[in-house]
Every structure is written in C-alpha cells, then in structure tokens.
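A.B. asks: Sequence first, then the predicted structure:
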Amino acid sequence: MDVESARPTRASAGFWFGAAALYAIAVSIVLLVPPADLLGQEGGGVVVLLAVPVLLSVLALFARGQRILVWGCIALLGGFVLFSIASVGLVYLPGLVMIVVATLRQGR
C-alpha cells in the first residue's frame, strides 16, 4: 500500500450537490410538519415559499455541468436566504454553502 492510497480522499462535487438538495428537502419537510407546522399556521402559500430553495438546489444538482446556471441558482438562493432571513431563510444557509463548495470543487 503506497502513500497515495492511504491518504483520505475529499468528497466530490457530486456529493456536495446531492447533500445540498437532500438538506433543502429535509428542512422543508421538517418545517411543514408539527411541531413547526408552518402549513397549519400560515396556510398553503407557505408550500410555494418552501419549494423555492428545494427547486433551486435540485436544479443545481442536475445542471452541475453548466457553471453559469449553477451560479445563477447560487445567486437566487442567496437572495432567498437574505430576503427571508427573519423567518426561514437562515435554516437554508448551510444548503447554500454546500452548493458553493460543490461549485468551487467542481472547478478543480
């Protein structure tokens, strides 16, 4: 066994894109069910609001070969986080960071 095979490997860009999409889906589901239960408190319109980060994360996952589209998703998701930071935006910040890490890792 040589030194190269003993060295731990870094996670690939695909891993980070997938993790960001799964994170956004999981957070949206958690926010819709009790005890947070935003669906019961705020009504059906909150589903559209929580679908935005999920759609942007999944779009970045499937368009990871097209850097301009991925950076567009990053910009829109960053705007979403900033715009809704007082309510639910902050919980989507780790997903945004994961997509940025994936995009930077993909450039190598």
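C.D. replies: Perfect, I can see it now. What you see is a predicted model; the values in this text were computed from it and never measured.
A.B. asks: From the contact counts, what lies against the helix ranked longest in the chain?
C.D. replies: Using DSSP state H, we find that the single longest helix of the chain is helix 13-32. Helix 13-32 is packed against helix 38-42, helix 45-62, helix 93-106, with contacts defined by 3 or more C-beta pairs under 8 Å, 6 or more residues apart in numbering; DSSP states H and E. For the C-beta atoms, the positions are set from N, CA and C on the backbone; glycine is no exception.
A.B. asks: In the shortest one, which residues are buried?
C.D. replies: The neighbour-count check on helix 38-42 (16 or more other C-beta atoms under 10 Å) flags Leu38, Leu39 as buried.
A.B. asks: I'd like to know which elements that helix is packed against.
C.D. replies: For helix 38-42, the elements it packs on are helix 13-32, helix 45-62, judged by 3+ C-beta pairs under 8 Å, 6+ apart.
A.B. asks: Would you convert those helices into TSV that also reports mean neighbour count and distance to Leu76?
C.D. replies: Output for these, formatted as TSV (neighbours: other C-beta atoms under 10 Å; distance: least, C-beta to C-beta, whole Å):
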stretch	mean neighbour count	distance to Leu76
helix 13-32	19	13
helix 45-62	18	6
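A.B. asks: got the contact list for the spatially closest residue to Leu31 that is not a sequence neighbour?
C.D. replies: Nearest non-adjacent residue to Leu31, counting by C-beta to C-beta, 6 or more residues apart in numbering: Leu38, 5.2 Å away. By C-beta atoms under 8 Å, 6 or more residues apart in numbering, the residues touching Leu38 are Leu31, Leu32, Val46, Leu50, Val88.
A.B. asks: May I see those residues arranged in a markdown table, with pLDDT and distance to Trp16 as well?
C.D. replies: Below are the contacts of Leu38 laid out as a markdown table (pLDDT from 0 to 100; distance: C-beta to C-beta, whole Å):
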| residue | pLDDT | distance to Trp16 |
| --- | --- | --- |
| Leu31 | 94 | 22 |
| Leu32 | 93 | 25 |
| Val46 | 94 | 28 |
| Leu50 | 96 | 22 |
| Val88 | 93 | 22 |
